[in-house]
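Novice: 3D model of this:
(2 chains)
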Amino acid sequence: MIKKLVSWLVFLVLALYGIVLALVYFFTPQLMFPAPKPSYCAGELVKKINAGSDIIAVRVNKNSSADNWIIYSHGNGEDLGQIDLLMQEYAARLNANVVSYDYPGYGASMGHASEDRLGEYADAVYDYTVKELGADPKRIYFVGYSLGSVPAAYLAAKHLDARGAVLIGGIAEGAKTYLPVNVIPWKILPNVENVQKIQIPLLIIHGTADGVVNYSNAVQNYKAAKAASTLRLAALSGMGHYGLFRCAPYWRELEEFIKNEKRESVELKYDQNSCIAL
Amino acid sequence: MIKTLVLLFSGFEEIEALAPVDLLRRAGAQVVTAAVGPSLSVRGRSGVEIKADVLFDEVKTSDFDAAVLPGGPGTDALLSNSDVIEFFSRHNKNGKLVAGICAAPVVLKAAGALKGRKCTAHTSRVSELENCTEAEPVVRDANLITSRGAGTALEFGLALVEYLFCQEKAKNVACSICFMK
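Specialist: Coordinates of the predicted model:
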């Protein structure tokens, strides 16, 4: 009787696991790219560039006094309209020209985003930044937030002459975002493979109470980034996935990262009191 | 401001030329109609005479956000016009929107804009173009938009608005002209 019950339970667990795997397998693109309703209308505010058969909308926040460039890859739940003010703040506070873009299917971009092609989108934006906007490749930083950490790490691993990379609330392995262990038997966004190839200065900023991309992702990236010329992990204690830019250390770390070329590698914990309440 | 050029030439299809002009202007884009040849006045395939804004010769070296080519029986004469071919070729290379309807994709092919791209064209011309099918009224692939003929001219024009602005704007314009689909 008990034996039968146990075998039924095992069967049930396996069946549920199978259903979860099937859901993950078939719905990964929808889960990974839940594009919000477009929050802006393009007009002349954005440039449209080709990425294969798709169109990427690119916005440039010019800072005429700056030589530094930031290519900012946003998260999967936002578009250029929603990050407009943040990008203006980046340009002003970090004294840089900021290039941000929408993945296909987001905002004024066209097509369908796919995780396999995140690198292709990033390449298109990088080429546009260097060839059309005239950015000096040696003065480019790659900043990625959340899912944007994937194209950012991809570019950082590829362009050894770039100035630095920043991963904010970033991913180590896509399958480990919600749970610290991988329960999926195949790889989803194995970003850590690019992170370990990064040779330029790397800054990781992450909230320790992140419920969307578990903090263990930051630790895994930090441990893997042995090739980075300098490496910093800024842990924002008690902070989650959102609103990190309301923390003073978020800006302090970014400002110092851009100001100083040589910095000691260190793991820092910031108290939650340094973050302004929402 | 979004700057677009719609090319007019002797024997152009009136509906295919003017639907995009109308819809793009409603959307708020600047539309320059440019006449091929020595006169601002050009006669369409159905005998309607239109006065263009400028001569193509006067603007052929300028850059636009979109270069739009209508079809009509006069299209084939453009194949031997190197200025026209160069104009579309340059806009394509610069990643600007290049669009053609009806027989116009034949000219866009000569300008190298169809290479490796999905497209559509008029039933009578689609067999001359690889990767072109008649499955859809409008096909977009990267910065190329093609469409099938006078009957799909409104959808063509709305696709241009969507590309240059956004879906919401295209919807608003479609709504304002009682476009039914």
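
Novice: so which helix or strand takes in residue A:249?
Specialist: Residue A:249 belongs to helix A:248-259 when assigned by DSSP states H and E.

Novice: for the helix or strand just after that helix, packing partners?
Specialist: Counting by DSSP H and E, the element after helix A:248-259 in chain order, helix or strand, is strand A:266-270. In terms of contacts (3 or more C-beta pairs under 8 Å, 6 or more residues apart in numbering or on different chains; DSSP states H and E), strand A:266-270 is packed against strand A:231-236. All C-beta atoms are positioned from the backbone trio N, CA, C, and that covers glycine.

Novice: Output the contacting helices and strands for the strand it packs on.
Specialist: strand A:202-207, helix A:216-224, helix A:248-259, strand A:266-270.

Novice: In a markdown table, list these along with mean pLDDT.
Specialist: Formatted as a markdown table, the helices and strands packed on strand A:231-236 follow (pLDDT from 0 to 100):
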| stretch | mean pLDDT |
| --- | --- |
| strand A:202-207 | 96 |
| helix A:216-224 | 96 |
| helix A:248-259 | 92 |
| strand A:266-270 | 82 |
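
Novice: and among the ones you listed, the most buried is which?
Specialist: strand A:202-207 (a mean of 26; mean count of other C-beta atoms under 10 Å in any protein chain shown).

Novice: What parts of chain A come near chain B?
Specialist: Contact residues (C-beta under 8 Å from any C-beta of the partner chain) of chain A with chain B: A:38, A:40-44, A:48-50, A:52-55, A:107-108, A:110.

Novice: Looking at those, which has the smallest pLDDT value?
Specialist: In terms of pLDDT, residue A:44 ranks lowest among the residues of chain A next to chain B, with 72.

Novice: Report the buried residues of the worst-scoring helix or strand of chain B on mean pLDDT.
Specialist: Lowest on mean pLDDT, DSSP states H and E among the helices and strands of chain B sits helix B:167-176, with a mean of 94. Buried residues in helix B:167-176, defined by neighbour count with 16 or more other C-beta atoms under 10 Å in any protein chain shown: B:167, B:169-170, B:173-174.

Novice: do the same with stretch B:114-121
Specialist: B:114, B:117-121.

Novice: again with stretch A:87-97
Specialist: A:87, A:90-91, A:94, A:96-97.

Novice: Now it: average pLDDT?
Specialist: 96.

Novice: then that stretch to PDB, C-alphas only?
Specialist: Extracted in PDB, the C-alpha atoms of stretch A:87-97 (Å, rounded to 0.1, in the frame of the first residue of the first chain):
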ATOM      1  CA  MET A  87      19.500  57.700 -19.200                       C
ATOM      2  CA  GLN A  88      19.400  61.500 -18.800                       C
ATOM      3  CA  GLU A  89      20.800  61.100 -15.300                       C
ATOM      4  CA  TYR A  90      23.500  58.700 -16.600                       C
ATOM      5  CA  ALA A  91      24.600  61.300 -19.200                       C
ATOM      6  CA  ALA A  92      24.700  64.100 -16.600                       C
ATOM      7  CA  ARG A  93      26.000  62.400 -13.500                       C
ATOM      8  CA  LEU A  94      28.500  60.200 -15.200                       C
ATOM      9  CA  ASN A  95      29.500  62.900 -17.700                       C
ATOM     10  CA  ALA A  96      29.100  60.500 -20.700                       C
ATOM     11  CA  ASN A  97      27.300  60.100 -23.900                       C
END
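
Novice: and that stretch, how far from the chain's centre?
Specialist: 18 Å (C-alpha atoms, centre = their mean, to the nearest Å).

Novice: next one: stretch B:55-63
Specialist: On C-alpha atoms, centre = their mean, the centre of stretch B:55-63 falls 16 Å from that of its chain.

Novice: For the residue of the stretch 151-278 of chain A found nearest chain B, the count of nearby residues, please.
Specialist: When distances are taken as C-beta to the nearest C-beta, the stretch 151-278 of chain A reaches nearest to chain B at residue A:151, 19.2 Å away. Using other C-beta atoms under 10 Å in any protein chain shown, residue A:151 has 27 other residues around it.
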